[in-house]
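*Asks:* Sequence first, predicted model second:
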Amino acid sequence: MAAAGLCPCRALLARRGGALRALCGSVRGLAAGPETHFGFQTVTEEERREKIYQVFQSVAKKYDVMNDSMTLGIHRVWKDILVHKMNPSPGTLLLDVAGGTGDIAFRFINYVRSVRERQLQRKLRHHQNLSWQEIAESYQEDKSKSLGDSQVVVCDINKEMLKVGKQKAQHLGYSEGLSWVLGNAEELPFDDDMFDVYTIAFGIRNVTRIDLALQEAYRVLKPGGRFLCLEFSQVSNPLLSRLYDLYSFQVIPVLGEVIAGDWKSYQYLVESIRRFPPQEELKAMIEDAGFFKVDYQNLNSGIVAIHSGFKL
Amino acid sequence: MPRCTAPPRSAPPAASGAGGGGGGEGRGGDTTMLLMLLRRAARAGVPLLRAGPASPGRARLSSAEPRARDGPVEEEVEVEEEEGCYQLYPGHIPTSPLQKVLLAAGSACMALYDPYRHDMVAVLGETTGCLALPNLRDKMKNHPEGYRILQERPRIRLSTLDMDRLRGLPDGTLGREYVRFLEDNKVSPDTRMPPKFVDDEELAYVIQRYREVHDLMHTLLGMPTNMLGEVVVKWFEAVQTGLPMCVLGAAFGPVRLSARKLQVLATELVPWAIRSGRNASCILNIYYEQRWEQPVESLREEIGIFPPPAVRV
């Protein structure tokens, strides 16, 4: 079995999967489409898309609660770091793909608002010798542009997730500069060269054809636009890795059952993290799509990584 | 999604129980791996560190870790086992002991926090019933009617019950009173959760039977489905079955009752429930589906349940 380590693991798994499937008597030879993975199972691409849609349809309402309990709230820090890395200025047009419940979109809006406020304050300090009337006028014109023409489009393939996101936006009071679009990351419903920044946070793992999603990202970005991907990745530290595995496989499905009443979706989640390409491989895939200056930043020793690339 | 059925349970038990044993054995090839899988299937538990070495199964371009070779093999083996290829019955989710402990604790807290989470009560019952369920199964095996139930595996479901026929039975018969109970309280026998975390197919049926018979208990004890009625039935079931979930439900259920109801509970209902529970033979040993015509009074006498106290519940 010395050669096994050199074989692409997908072939290895497909072979073993094939033997087991034959043993169990299911007929996959006639199934539609090429084989891919769903967690640790082997399925066709169509089946995978369908299953993933069902997973997110079922977890949508408890998605945020589960994120908080699984990561003990740390996912908020990760998302904050992503938006800080993006460092958007007012007037930026952001496309947040697989943005479902709107976490990145809301952070983007907050960030841009605070940058805008600082800009306005700086402007006001230079206007100290104006009359009251002139200052009041400048307030009026600035109030209508609290976001400074920044816009974020939240795109997700799952209706339930978008529904939850819209409700959250209403509840938290986000209305301007925000749009919600139903769309597939592998085939975006947008024109070429439209967006300044493209983000995909914890979504690219669930895309069936990552290469297509990256090509679409390249297409819809303006020249000079930035691609940012926040995703679970491989932990390099062996001790941390074992603890992480223990936590992932023992605790997370239990949390899923107790909080969301859904063991299987969270089992899929932890398995899909293991199946996702590691940092270097994802970097290579992003470069293949045509991005330049591709780099990644590990957070928490590789539990999560932010990949960044530019369309030049 | 097609699921593999369980291999025959007569497969020889695993020689090495440890999860770490997968890596070396897997190198032999497909056959060895299959044999190992079959051996593993004999014990429904899952090793604690599931993924073993960190690298999962995907192509590694640059990594030259020697561990990486063992990774996918061992992981694939363990995962296939848990993934459902060897689930013992439809809906079965194999769990490790640690997971069962966490589930028991988590479901207990959640059931207390949100009493409408009936699925949590069910999960609590499954994860804590490892001693009581075999006891119940043995009681059933040693009784002629119970043994027949275990063989025939009847299910109480709307699809298997002839509701019209039961409604047509004379008042006072088990069938008529059962249907009346279902209609008065607007419940259905189909809302019982199927078992997920019981690691034995027969015990899974026992707990399923217990859940389906619960409504009949209400009928026999004459208790409605409000909080007070449920607590009384839980006391009876706790004495009868010894399931920790019943005991916990009986102990913590009254927490949400008013003082007046608590008084009625403590002075009249609970003593009666305990007396009846002790006196009665095992409630799972009655083939209810064959006794629809029997009057409730006569069935009560046969089982050994004392007539309910004249209190409005």
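*Replies:* Ah, there it is.
*Asks:* for chain A, which helix is longest?
*Replies:* In chain A, assigned by DSSP state H, the helix with the most residues is helix A:103-126.
*Asks:* Now that helix: average pLDDT?
*Replies:* For helix A:103-126, the mean per-residue pLDDT is 89.
*Asks:* Between helix A:103-126 and the helix or strand following that helix, find me the angle.
*Replies:* If you walk from helix A:103-126 toward the C-terminus, the next helix or strand you reach (DSSP states H and E) is helix A:132-143. Using axes from the mean of the first three to the mean of the last three CA atoms, to 10 degrees, one finds that helix A:132-143 and helix A:103-126 are set 160 degrees apart in direction.
*Asks:* Mind listing residues that contact the next helix or strand after helix A:132-143?
*Replies:* Using DSSP H and E, the helix or strand that follows helix A:132-143 towards the C-terminus is strand A:151-156. Taking contacts as CB atoms under 8 Å, 6 or more residues apart in numbering or on different chains, the residues outside strand A:151-156 that touch it are A:92-100, A:102, A:105, A:108-109, A:162, A:165, A:177-183, A:185, A:188-190, A:195. To be clear about C-beta, it is placed using only N, CA and C from the backbone, and glycine gets the same treatment.
*Asks:* what's the answer for stretch A:174-192, then?
*Replies:* Stretch A:174-192 is contacted by residues A:95, A:97-98, A:102, A:105-106, A:109, A:112, A:146-147, A:150-157, A:159, A:162, A:165-166, A:169, A:200, A:203-204, A:207-209, A:212-213, A:216, A:219-220 when judged by CB under 8 Å, 6+ apart.
*Asks:* Alpha carbons of that stretch, in CSV - could you do that?
*Replies:* Once non-C-alpha atoms are left out, stretch A:174-192 reads as follows in CSV (Å, rounded to 0.1, in the frame of the first residue of the first chain):
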residue,chain,number,x,y,z
TYR,A,174,-30.5,47.5,8.4
SER,A,175,-32.3,48.7,5.4
GLU,A,176,-30.3,50.9,3.1
GLY,A,177,-27.5,49.7,0.9
LEU,A,178,-28.6,46.1,1.3
SER,A,179,-30.0,43.8,-1.4
TRP,A,180,-30.9,40.1,-1.2
VAL,A,181,-30.5,37.9,-4.3
LEU,A,182,-31.3,34.2,-4.8
GLY,A,183,-28.4,32.8,-6.8
ASN,A,184,-26.0,29.9,-7.3
ALA,A,185,-22.3,30.6,-6.7
GLU,A,186,-21.4,28.4,-9.6
GLU,A,187,-23.5,30.5,-11.9
LEU,A,188,-24.0,34.0,-10.6
PRO,A,189,-26.9,36.1,-11.9
PHE,A,190,-24.7,39.2,-12.3
ASP,A,191,-22.9,40.9,-15.2
ASP,A,192,-19.1,40.9,-15.7
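*Asks:* still on that earlier bit, in PyMOL, select just the buried ones from the contacts of stretch A:174-192.
*Replies:* A single PyMOL command is used to select the members of the contacts of stretch A:174-192 judged buried by 16 or more other CB atoms under 10 Å in any protein chain shown:
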select buried, chain A and resi 95+97+98+102+105+106+109+112+146+147+150+151+152+153+154+155+156+157+162+165+166+169+200+203+204+207+208+209+212+213+216+219+220
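*Asks:* circling back to that earlier point, quick check: angle from the longest helix of chain A to strand A:151-156?
*Replies:* Taking the same axes, to 10 degrees, one finds that helix A:103-126 is oriented at 170 degrees with respect to strand A:151-156.
*Asks:* need the residues of the stretch 101-250 of chain B near chain A, please.
*Replies:* For the stretch 101-250 of chain B, the contact set with chain A under CB under 8 Å from any CB of the partner chain comprises B:L102, B:L103, B:G106, B:S107, B:C109, B:M110, B:R117, B:D119, B:M120, B:V123, B:K196.
*Asks:* tell me the contacts of the first one?
*Replies:* It refers to B:L102. B:L102 sits next to A:Q250, A:V251, A:V254 when contact means CB under 8 Å, 6+ apart.
*Asks:* Now flag whichever of these is closest to B:V213.
*Replies:* The shortest separation between B:V213 and any of these is 28.6 Å, and it belongs to A:V254 (by CB to CB).
*Asks:* quick check, the closest one in a helix?
*Replies:* Yes. For A:V254, which was evaluated using DSSP: H, G, I helix; E, B strand; the rest coil, the result is membership in a helix.
*Asks:* wait, isn't it in contact with B:G106?
*Replies:* Yes. The pair A:V254 and B:G106 passes the contact test of CB atoms under 8 Å, sitting 5.9 Å apart.
*Asks:* neighbour count winner among the two?
*Replies:* Of the pair A:V254 and B:G106, A:V254 is the one with more neighbours under other CB atoms under 10 Å in any protein chain shown, namely 25 against 20.
*Asks:* Could you grab the helix/strand/coil label for the closest residue to the more buried one other than its chain neighbours?
*Replies:* Spatially, and ignoring its direct neighbours in sequence, A:V254 is nearest to B:L102 (4.4 Å; CB to CB, 6 or more residues apart in numbering or on different chains). Assigned state for B:L102: helix (three-state reduction, three-state DSSP).
*Asks:* Report pLDDT for B:L102.
*Replies:* 94.
*Asks:* got the buried residues for the longest helix of chain A?
*Replies:* Of all the residues in helix A:103-126, those buried under the rule 16+ other CB under 10 Å are A:103-109, A:111-113, A:115-116, A:120.
*Asks:* what about it, distance to the chain center?
*Replies:* On the basis of CA atoms, centre = their mean, to the nearest Å, the separation between the geometric centre of helix A:103-126 and that of its chain is 24 Å.
*Asks:* Next: stretch B:286-302.
*Replies:* For stretch B:286-302, the distance to the chain centre is 24 Å (CA atoms, centre = their mean).
*Asks:* same question, stretch A:212-232
*Replies:* For stretch A:212-232, the distance between its averaged C-alpha position and the chain's averaged C-alpha position is 11 Å (CA atoms, centre = their mean).
*Asks:* pLDDT weak spots in chain A?
*Replies:* Low-confidence segments of chain A, defined by pLDDT under 70, span residues A:1-33, A:141-145.
*Asks:* what's the burial count for A:F232?
*Replies:* Residues lying near A:F232 (other CB under 10 Å) number 20.
*Asks:* My read is that it contacts A:R205, right?
*Replies:* Yes. Contact between A:F232 and A:R205 holds when scored by CB under 8 Å: they sit 6.6 Å apart.
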